[in-house]
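Colleague: pasted the sequence and its predicted model underneath.
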Amino acid sequence: MAAVALALSVAQNRRIAALLVGPGGAESLADSPEQVLRLRRAGYLAELTGGPVAAKEVRVFGVDGFLIGRYAAVMRAFLTPQARGRRAVVHGYGVVLALQLFGAAGTFGALAWLAAAGTLTAAALAQSVLAALLVFAYGAGGHHMFEIAHGSKPYQAVMRLLDQPPTA
């Protein structure tokens, strides 16, 4: 039973990692050419609307509302696929946690039954409970995948900056 619980924990962590940072994962959506174009367009609109270069023309012609509306639409188009992917990850993680809860209940139920029947010594029961807790703690560690995924973007940005050749 412990081997099944460990296999389930490993499988669920791999699944969550693939949903987040794997090919086609929620975090790789921002790197698609369409998303890069949307983000670039949103940056341009933000600079045009709030930047000092075109501030006078924006005020004189009264196009600030139009530009802000365009910016909001472009950002919504940029964020929608990522939000959808992240919701799928959270939903998948909920399913994984439910499976883990049932596995934990079964494991601890079997341990309690064996202890009540007298086939398990106190030392063996303590070892089994500790082993089961470690397996389930590993499986519940999937929330660290979210932290890794969200921390990977700033790390990649810094690495791109460090990889650029120095300008003279």
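Modeller: That came in fine, so what should we check first?
Colleague: only C-alpha atoms for contact and neighbour calcs from this point on.
Modeller: Will do.
Colleague: for residue 104, what is the enclosing helix or strand?
Modeller: helix 64-117 (DSSP states H and E).
Colleague: which SSE is immediately downstream of that helix?
Modeller: helix 122-140.
Colleague: run the angle between that following helix and helix 64-117 for me.
Modeller: For helix 122-140 against helix 64-117, the angle by axes from the mean of the first three to the mean of the last three CA atoms, to 10 degrees is 170 degrees.
Colleague: dump helix 122-140 to CSV, keeping only the CA atoms.
Modeller: Extracted in CSV, the C-alpha atoms of helix 122-140 (Å, rounded to 0.1, in the frame of the first residue of the first chain):
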residue,chain,number,x,y,z
ALA,A,122,3.7,-0.2,18.6
ALA,A,123,7.1,0.3,17.0
ALA,A,124,5.9,-1.0,13.6
LEU,A,125,2.8,1.2,13.9
ALA,A,126,5.0,4.3,14.6
GLN,A,127,7.2,3.4,11.7
SER,A,128,4.3,2.9,9.3
VAL,A,129,2.6,6.1,10.4
LEU,A,130,5.8,8.1,9.9
ALA,A,131,6.5,6.5,6.5
ALA,A,132,2.9,7.3,5.4
LEU,A,133,3.1,10.9,6.6
LEU,A,134,6.4,11.3,4.7
VAL,A,135,4.9,9.9,1.5
PHE,A,136,1.8,12.1,1.8
ALA,A,137,3.9,15.2,2.7
TYR,A,138,5.9,14.7,-0.5
GLY,A,139,2.7,14.4,-2.5
ALA,A,140,1.2,17.5,-0.9
